[in-house]
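Trainee: Mind folding the following:
(one chain, ligands or ions: 1)
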Amino acid sequence: MRLAPMPSLPDIRLYLAHPGSGLRRLLELDDDSDESAAGPLPPYWAYAWAGGAVLARYVLDHPAIVAGKRVLDLGAGSGLVGIAAAKAGAREVIAAEIDRNGVAALRLNAQANGVAIQICDEDVTAGPPPAVDLVLAGDVFYAQDVGQRMMPFLDRCLAAGIDVLVGDPGRAWLPRLRLRLLGEYEVPDVGGNGGGAPKPSGVFSFQLKSRN
Ligand SMILES: C[S@@+](CC[C@H](N)C(=O)[O-])C[C@H]1O[C@@H](n2cnc3c(N)ncnc32)[C@H](O)[C@@H]1O
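Mentor: Sure, this is the predicted structure:
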């Protein structure tokens, strides 16, 4: 992994994958693997995804959204959204990530950026809403099963009075009918060892289900 400034977020430095990182070996099952029956999780944390990049950009450009607040970075991966929130003045940042390698990565990335982030390595989506004011969900609708876990949790957060912002480049499982667009940016997406081409991506407010 190489520590480098992010193209769309030069204020944030992340350890990101490159051709020599050898991350493929993480996909080979080892004896002490405690991952699910589906096998080890892909190293999503080794890349900055467009959904997280756009949300991080938006937060840095609109610090009042997080300033003084308790923030949950849901599906944190590298931690870039939580790092942006901490840099923009959040009072407390919790990063929720279920991949143990991701937890290690986001700890290193937080250190590299000089910010304090609490880590939750349990599946928060299975429980009650956490004690936060705002949930930031960067690129968590990349797979149907993941999106299906996120939705009821995000609904419980809304019901508890917690605001939810989603960053996404328009993935297939994005719940468009529940989203209101707040801003758009072109940001790089995952691709070719992390160096994907810029893609129009949006920041959305997650809305209560309409009664009609
Ligand atoms: C596509 S990546 C996005 C990472 C980061 N937010 C970004 O935009 O670069 C989604 C991340 O969500 C994590 N994830 C999936 N389900 C989760 C859950 N139930 N709780 C916490 N994290 C989860 C995955 O392990 C993965 O690291």
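
Trainee: Residue numbers of the protein in contact with the ligand?
Mentor: 41, 44-45, 48-49, 51-52, 75-78, 80-81, 96-99, 102, 123-125, 138-140, 142, 146, 149 (Cβ under 6 Å from any ligand atom). C-beta here means a position set from N, CA and C on the backbone, and glycine is covered the same way.

Trainee: phi, psi of the closest residue to residue 156 other than its chain neighbours?
Mentor: Of all residues not flanking residue 156 in the chain, residue 129 sits nearest, at 5.1 Å (Cβ to Cβ, 6 or more residues apart in numbering). As for residue 129, its main-chain torsions (degrees, to the nearest 10) stand at phi -60, psi 140.

Trainee: Looking at the residues of the chain next to the ligand, which are in strands?
Mentor: Among these, the residues falling in strands (DSSP state E) are 96, 138.

Trainee: Would you mind listing which of the residues of the chain next to the ligand are buried?
Mentor: Buried subset of these (neighbour count, 16 or more other Cβ atoms under 10 Å): 41, 44-45, 48-49, 51-52, 75-78, 80-81, 96-99, 102, 124-125, 138-140, 142, 146, 149.

Trainee: picking up where we left off before, identify the residues contacting the residue nearest to residue 156.
Mentor: 153, 156, 157, 159, 160, 162 (Cβ atoms under 8 Å, 6 or more residues apart in numbering).

Trainee: What is the subsequent helix or strand relative to the helix ranked longest in the chain?
Mentor: Scanning the chain for the longest helix, with DSSP state H as the assignment, gives helix 144-159. As assigned by DSSP states H and E, the chain's next helix or strand after helix 144-159 is strand 163-168.

Trainee: following that following strand, which helix or strand comes up?
Mentor: strand 179-188.

Trainee: Next, the angle from that following strand to strand 163-168.
Mentor: 40 degrees (axes from the mean of the first three to the mean of the last three Cα atoms, to 10 degrees).
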